[in-house]
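1. From the sequence below, what's the structure:
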Amino acid sequence: MDHRITWNSLPKNLAELKALPEADLKTPEGTAALAIAALCVYPQDKEECYRMLDFLRGPRPMSPMDKQFIRDRFMDGKDYIPRSYFKGATPQNNYTPDQPYVIELKDSAAPMADQGYKILLAHSGGADSDRSITLRNKPSTGEWFLCDQMLLAGIRIPVSQDDWA
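-> Below is the predicted model:
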């Protein structure tokens, strides 16, 4: 099944993220889309990005190792990677998303829902294969929390940075 999340603007901090309807965390696709939006904040304010991700992770906040992993992926100016998940963002336009901002997610074929987990796939305009986002349901509240993400793996560099383009 395909899921589509649309926003007129992206949240710049935790308060703006919490103001979005998806912040009720009642759907796995809403939580997954918010995780992508939170990663877009990292280049401007890494601590705010961490606060946003901690909110999305619920009862299991980020460890120092989780933060180091994210820090390592953003080294060398790769701030364009999270933007690549929005519709219209490609290497040719330097990963500039269409507006309004649209994230399309697909259900994974992995059978984990009966165990309280769900894997969604996000398409990057700079990658040949979709990237996974694992979410976990908290039955007592019905909320879906971010468990793991493979969103920051390398993608094609923007044309503006490619000496061979």
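
2. so where's this structure shaky on pLDDT?
-> Residue ranges of the chain with pLDDT under 70: 1, 111-114.

3. now the helices: where do they sit in it?
-> 14-19, 28-41, 46-57, 64-73 (DSSP state H).

4. So what touches the shortest one?
-> By Cβ atoms under 8 Å, 6 or more residues apart in numbering, the list of residues contacting helix 14-19 from outside reads 11, 23, 34, 37-38, 48, 51-52, 55. Just so you know, the C-beta spots here come from the backbone N, C-alpha and C atoms, and that holds for glycine as well.

5. try it again with 6 Å
-> With contact meaning Cβ atoms under 6 Å, 6 or more residues apart in numbering, helix 14-19 is reached by 11, 23, 51-52.

6. what does the second one give?
-> Around helix 28-41, the neighbours that count as contacts under Cβ under 6 Å, 6+ apart are 3, 5, 10-11, 22, 25, 48-49, 52-53, 56, 82, 85, 103, 105, 118, 120, 133, 135, 144, 146, 149.

7. Put the alpha carbons of that helix into CSV.
-> C-alpha atoms of helix 28-41 as CSV (Å, rounded to 0.1, in the frame of the first residue of the first chain):
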residue,chain,number,x,y,z
PRO,A,28,3.4,4.5,11.2
GLU,A,29,3.5,6.5,7.9
GLY,A,30,3.0,9.8,9.8
THR,A,31,5.8,9.0,12.2
ALA,A,32,8.1,7.9,9.4
ALA,A,33,7.5,11.2,7.4
LEU,A,34,8.1,13.2,10.6
ALA,A,35,11.5,11.4,11.0
ILE,A,36,12.5,12.6,7.5
ALA,A,37,11.4,16.1,8.3
ALA,A,38,13.4,16.0,11.6
LEU,A,39,16.6,14.9,9.7
CYS,A,40,16.2,18.0,7.4
VAL,A,41,16.7,20.2,10.5
